[in-house]
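K.L.:
pasting the structure only:
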């Protein structure tokens with residue numbers, strides 16, 4: 001409960017430049033999710049649903065991709081693995097949040113680096 005209160009107290013609600021989306025983020029430096037750039041409610045809703053499904057089911061891939069990225073940046077393997085596991089949890093939880101809130105396209109929960117990118 002304390003963790004939830006601290007998270008809410010330290011979070012920032014940001015408004016998009018065109019005033020169409022509110023973004024909940026844990027820092028003032030955020031990247032909006034990909035679906036926020038879509039036009040029209042049905043299109044935004046379907047892209048948010050797809051974004052949520054993608055991150056809910058593929059967030060675990062950050063264990064490997066994140067670990068590799070942090071090792072390449074010079075981190076020790078065990079720290080890179082822990083950071084990769086943390087990023088996997090964040091991406092998966094963010095996907096579940098997007099999945100649960102997909103009808104509400106005014107709300108975006110910003111994920112690190114805008115979420116996982118499946119392009120290689």
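P.N.:
Alright, I've got the coordinates. Just so it is clear, the model here is predicted, and its values are computed rather than measured.
K.L.:
and residue 86, how many residues sit next to it?
P.N.:
Other residues near residue 86 come to 14 when the count uses other Cβ atoms under 10 Å. In this view, the C-beta of every residue, glycine as well, is placed from N, C-alpha and C.
K.L.:
Next: residue 78.
P.N.:
9.
K.L.:
Counting neighbours, which bits of the helix or strand hosting it end up buried?
P.N.:
Element membership of residue 78, judged by DSSP states H and E, is helix 77-100. Under the neighbour-count criterion of 16 or more other Cβ atoms under 10 Å, helix 77-100 has 80-81, 83-84, 87-88, 90-92, 94-95, 97-99 buried.
K.L.:
Now tabulate those in JSON lines and tack on distance to residue 42.
P.N.:
Below are the buried residues of helix 77-100 laid out as JSON lines (distance: Cβ to Cβ, whole Å):
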{"residue": "80", "distance to residue 42": "41"}
{"residue": "81", "distance to residue 42": "41"}
{"residue": "83", "distance to residue 42": "37"}
{"residue": "84", "distance to residue 42": "36"}
{"residue": "87", "distance to residue 42": "31"}
{"residue": "88", "distance to residue 42": "31"}
{"residue": "90", "distance to residue 42": "29"}
{"residue": "91", "distance to residue 42": "26"}
{"residue": "92", "distance to residue 42": "26"}
{"residue": "94", "distance to residue 42": "23"}
{"residue": "95", "distance to residue 42": "21"}
{"residue": "97", "distance to residue 42": "21"}
{"residue": "98", "distance to residue 42": "16"}
{"residue": "99", "distance to residue 42": "17"}
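K.L.:
From the residues you listed, pick the one nearest residue 36.
P.N.:
Within those, the smallest distance to residue 36 is 11.0 Å, found for residue 98 (Cβ to Cβ).
K.L.:
Please, where are all the helices along this structure?
P.N.:
2-10, 41-58, 62-72, 77-100 (DSSP state H).
K.L.:
how about those in JSON lines, adding mean pLDDT and distance to residue 35?
P.N.:
As requested, those are exported to JSON lines (pLDDT from 0 to 100; distance: least, Cβ to Cβ, whole Å):
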{"stretch": "helix 2-10", "mean pLDDT": "40", "distance to residue 35": "23"}
{"stretch": "helix 41-58", "mean pLDDT": "92", "distance to residue 35": "4"}
{"stretch": "helix 62-72", "mean pLDDT": "89", "distance to residue 35": "19"}
{"stretch": "helix 77-100", "mean pLDDT": "91", "distance to residue 35": "8"}
